[in-house]
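Engineer: Let's see this in three dimensions:
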Amino acid sequence: MLKPVLLGAGFLAGLAALYVAIGGFLIAHDLSATLHVGAATAQGSGWPAPQGPADIGYAGDPRAAYDYAFSDIGVAGPLGDMPAWLIPAAGGTGASRWAIFVHGIGGRRENGYRFLPVLHQAGLPTLMISYRNDEGAPADPSGAYAFGLTEWQDLDAAAQYALANGASDLVLIAESMGGGIVGQFLRHSAHASAVSAIVLDAPALDFRAIVAATTGHMGLPLAPVLANVGLWLSGFTMPFRLGEADVRPELGGFAGPLFLSHGGADSIVPVSGSDGLLSRRVSVTDYLRTRADHIQSWHENPGRYDAALAAFLGNL
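Structural biologist: Numbering: from 1, shown residues only. Next up is the predicted model:
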């Protein structure tokens, strides 16, 4: 009697192991394809035609967008020069606290335009950067986005530029994967101590959680297990370990003030990640939790968002 039960249990365990192995392989393959430069990304396709500078997909320099004076500069990074815009503070004052904007995967510098007017009026010279794999910037040898594991070096180069050209401290503003880049910068950069405040919108801080959520949306059983196996297998085909793209400790432990916004309807980066970050924080944290989809919290109520961000910056 016991033998058939054991045989049945073993058969089911074998099926489960086969399911996890095949599912993990497919997830690893999908990750490789999704992170390949040129693939469709959350910011690169599917958006309505932009109606103004604050909309995703808008293309144009700061003068075209807001009639702001700016300089075209090249930031010398480890792979070569990366184009950036430097927008002086309102009135052209030479303030010593600079802002640096970091866009998300497949995005562009213009994504920072929804923050720029508030930064401008707050008296912050603002550096809107590009990084590896962006249009006009050097390509990474891997041909892939790395959720901050490589891109942080380009933010580091931008920080060096700012500090060498009059900045005494930095406010980092980031959206989506840009949050992961900021976190890796805090982990690795010798210039991390220059960061006085951080602003994050729908930040992608834990890549494993994003993969698990995406797998769960597919209705697949054992989604967290499949995500873990897929991430492990991806290490054999990609030159970096995506499991290391978890910067919750760095952002949670950041000693300066943090402004955080995230929408409960985010279909790309689970809002639970920002909820969890709030619970980790000890230092000042302003959390604007909206009902919006990915990186759309500003659009839900621009006036409220601008006022909240302006108040945060005014208290620095």
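
Engineer: show me where the stretch 101-250 of the chain has helices.
Structural biologist: Applying DSSP state H, counting those that start in this stretch to the stretch 101-250 of the chain gives helices spanning 116-121, 152-164, 177-188, 207-217, 223-234, 248-253.

Engineer: Point out the most buried one among these.
Structural biologist: Sort the helices of the stretch 101-250 of the chain by mean neighbour count, taking mean count of other CB atoms under 10 Å, and helix 177-188 sits at the top with a mean of 27. From N, CA and C alone the C-beta is placed, and that goes for glycine too.

Engineer: domain parsing for this protein?
Structural biologist: Domain ranges of the chain: 1-35+207-244, 52-205+245-314, per automatic domain parsing.

Engineer: Endpoint to endpoint, the longest one covers what distance?
Structural biologist: What that stands for is domain 52-205+245-314. End-to-end span of domain 52-205+245-314 (CA to CA, to the nearest Å): 26 Å.

Engineer: What of stretch 120-127?
Structural biologist: With CA to CA applied, stretch 120-127 spans 11 Å between its terminal residues.

Engineer: taking the mean pLDDT, what do you get for that stretch?
Structural biologist: The predicted model assigns stretch 120-127 a mean pLDDT of 97.

Engineer: Mean pLDDT lowest where, among the domains of the chain?
Structural biologist: Among the domains of the chain, domain 1-35+207-244 scores lowest, at a mean of 69.

Engineer: Which stretches in the stretch 201-316 of the chain count as strands?
Structural biologist: With strands called from DSSP state E, counting those that start in this stretch, the stretch 201-316 of the chain shows them at 258-263, 285-290.

Engineer: So for Ile210, which of those sits nearest?
Structural biologist: Nearest to Ile210 among the strands of the stretch 201-316 of the chain is strand 258-263 (13.0 Å), distances taken as CB to CB.

Engineer: CA-only coordinates of that closest one in PDB, if you can.
Structural biologist: Coordinates of the C-alpha atoms in strand 258-263 are reproduced here as PDB (Å, rounded to 0.1, in the frame of the first residue of the first chain):
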ATOM      1  CA  LEU A 258      13.800  60.800   0.400                       C
ATOM      2  CA  PHE A 259      10.800  61.800  -1.700                       C
ATOM      3  CA  LEU A 260       9.000  58.700  -3.000                       C
ATOM      4  CA  SER A 261       6.000  58.500  -5.400                       C
ATOM      5  CA  HIS A 262       4.400  55.400  -6.800                       C
ATOM      6  CA  GLY A 263       1.000  54.400  -8.200                       C
END
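
Engineer: follow-up on the earlier one: from the domains of the chain, which stretch is densest packed?
Structural biologist: domain 52-205+245-314 (a mean of 20).

Engineer: Centre of the chain to that one, how far?
Structural biologist: Put simply, domain 52-205+245-314 sits 8 Å off its chain's centre (CA atoms, centre = their mean, to the nearest Å).
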